[in-house]
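Asker: I would like the atomic coordinates for the input below:
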Amino acid sequence: MNKKIIPFLLGLSVLLLVACGKRPAHGWLNEDDVRIAIDATFRPIMEEQLQQFSMLHPTAQLKPLYCSEDSALRLLVADSLSSCVATRKLKPSELDVVHSRRHTARQELIATDAFALIVSRNCPDTLITLDEVKGIVSGRITRWEQLAGSSRRGELKLLFDHSGSSTVRYMRDSLCSGAELQGNVFAQGSSEAVIDFVRDSSDVIGVVGVDWLRKGNSATLTDFGGLPVRVMLVQRDASSYYRRPYQYYIGTGEYPLTRSVYAITTDPRQRSQEKLLWHWLKEQKGQLIFCNNSQLLPMMPVQVKAVKVK
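Answerer: Sure thing, here's the model as predicted:
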């Protein structure tokens, strides 16, 4: 082959890759790169996880992307990156795409999370049943007076962070039998925006990952008082107590609005920092951070002790 043609062909190959918008998730990374998409619901605790990980692995080049769960999983399946944190495993059709690239997907349950229903501090109504939540997202309940424990009247609105978020998917799949949400349901764009809007509005209920209520606090919340909003108590059924999303009630299952959290990686490298992070999240160090520094319940065994306060 003519030697002058070789550089031309190499240059053409690079141009084609750029033109197609395709960047291999693994081939352009070095061992220290950590490119991970994270469901923004878990941003507070994952920022702490990454900070602690980087202290013990100072060469790691952390490049987290906080986005909707839908976006995180799409990026992973499209091979734009090779790790993500989400609230569901890959679907069989998504695994087929991953396998078609000769990659394998390792999916590990790392925690159990809950999301909170929040109202303004000026709102006197903090009791709601799981059936009433179903009624709101299905469009059956659109006014405050339709709630059995409500003393208010008027239109009731429900606010989410993002239309592609894991909380919306949970409501659709678990409470609406797969049907799209109906009624007075709106997206604010972020968890911070939901909290800010609810704080100043007495006619809305906000839906946020419970760990966002811990923002600025380095330890697990043992009391939801002192927040800029009020956290509603949710009743699973008529034979259950109303509960708030404390770690204990997440663990016992008494708080009903919970979901699983998974760390997923398609990184084929064995000694990369990215693979080390995946192991970190599911093993002792990462699990202790979930237990002690978040509202999430870790998957490692935990002790529950009865304490009598005089």
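Asker: from here on, just use CA atoms for contacts and neighbour counts.
Answerer: Will do.
Asker: just give me the neighbour total for the nearest residue to residue 127 once chain neighbours are set aside.
Answerer: Closest residue to residue 127 apart from its sequence neighbours, by C-alpha to C-alpha, 6 or more residues apart in numbering: residue 233 at 5.1 Å. Residues lying near residue 233 (other C-alpha atoms under 10 Å) number 19.
Asker: contact partners for residue 233?
Answerer: 126-128, 242-244 (C-alpha atoms under 8 Å, 6 or more residues apart in numbering).
Asker: and it, what pLDDT?
Answerer: Looking at residue 233, its pLDDT stands at 96.
Asker: in contact with residue 107, which residues?
Answerer: Taking C-alpha under 8 Å, 6+ apart, one finds 89, 262-265 in contact with residue 107.
Asker: element containing it?
Answerer: Here residue 107 sits within strand 106-120, counting by DSSP states H and E.
Asker: so for that strand, mean pLDDT?
Answerer: pLDDT averaged over strand 106-120 gives 96.
Asker: distance of the closest residue to residue 145 other than its chain neighbours from residue 208?
Answerer: Distances taken as C-alpha to C-alpha, 6+ apart place residue 153 nearest to residue 145, at 5.1 Å, with adjacent residues excluded. Going from residue 153 to residue 208 by C-alpha to C-alpha, to the nearest Å gives 24 Å.
Asker: so the strand or helix carrying residue 285 versus strand 106-120, what angle?
Answerer: Following DSSP H and E, one finds residue 285 within helix 284-293. Angle, helix 284-293 to strand 106-120, by axes from the mean of the first three to the mean of the last three C-alpha atoms, to 10 degrees: 10 degrees.
Asker: enumerate the positions of helix 284-293 that are buried.
Answerer: 286-291, 293 (16 or more other C-alpha atoms under 10 Å).
Asker: and if you look at stretch 93-107?
Answerer: Neighbour-count burial for stretch 93-107 [16+ other C-alpha under 10 Å]: 94, 98, 103, 105-107.
Asker: packing partners for the helix holding residue 285?
Answerer: helix 43-56, strand 297-298 (3 or more C-alpha pairs under 8 Å, 6 or more residues apart in numbering; DSSP states H and E).
Asker: alpha carbons of stretch 169-183, as PDB, please.
Answerer: Coordinates of each C-alpha in stretch 169-183 appear next as PDB, following Å, rounded to 0.1, in the frame of the first residue of the first chain:
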ATOM      1  CA  ARG A 169     -41.000   5.600  37.000                       C
ATOM      2  CA  TYR A 170     -41.800   4.100  40.500                       C
ATOM      3  CA  MET A 171     -45.200   5.900  40.600                       C
ATOM      4  CA  ARG A 172     -46.000   4.700  37.000                       C
ATOM      5  CA  ASP A 173     -44.800   1.100  37.500                       C
ATOM      6  CA  SER A 174     -45.700   0.400  41.100                       C
ATOM      7  CA  LEU A 175     -48.800   2.600  41.700                       C
ATOM      8  CA  CYS A 176     -50.300   3.000  38.200                       C
ATOM      9  CA  SER A 177     -49.800  -0.500  36.800                       C
ATOM     10  CA  GLY A 178     -47.600   0.900  34.100                       C
ATOM     11  CA  ALA A 179     -50.000   3.600  32.900                       C
ATOM     12  CA  GLU A 180     -48.800   7.200  32.500                       C
ATOM     13  CA  LEU A 181     -49.400   9.500  35.400                       C
ATOM     14  CA  GLN A 182     -52.600  11.600  35.300                       C
ATOM     15  CA  GLY A 183     -54.100  14.500  37.200                       C
END
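Asker: picking that back up, the strand holding residue 107: partners in the sheet, and parallel or antiparallel?
Answerer: Applying DSSP bridges, strand 106-120 is found paired with strand 204-209 (antiparallel), strand 229-231 (antiparallel), strand 258-265 (antiparallel), strand 297-298 (antiparallel).
Asker: other residues contacting the shortest one?
Answerer: Pointing back at strand 297-298 there. So strand 297-298 is contacted by 110-113, 247, 250-251, 287-288, 290-291 (C-alpha under 8 Å, 6+ apart).
Asker: try stretch 35-54
Answerer: Looking at what lies outside stretch 35-54 - C-alpha under 8 Å, 6+ apart - the contacts are 60, 62-69, 72-73, 75-76, 81-86, 165-166, 191, 208-209, 211-212, 215, 274, 277, 280-281, 286, 289-290, 293-294.
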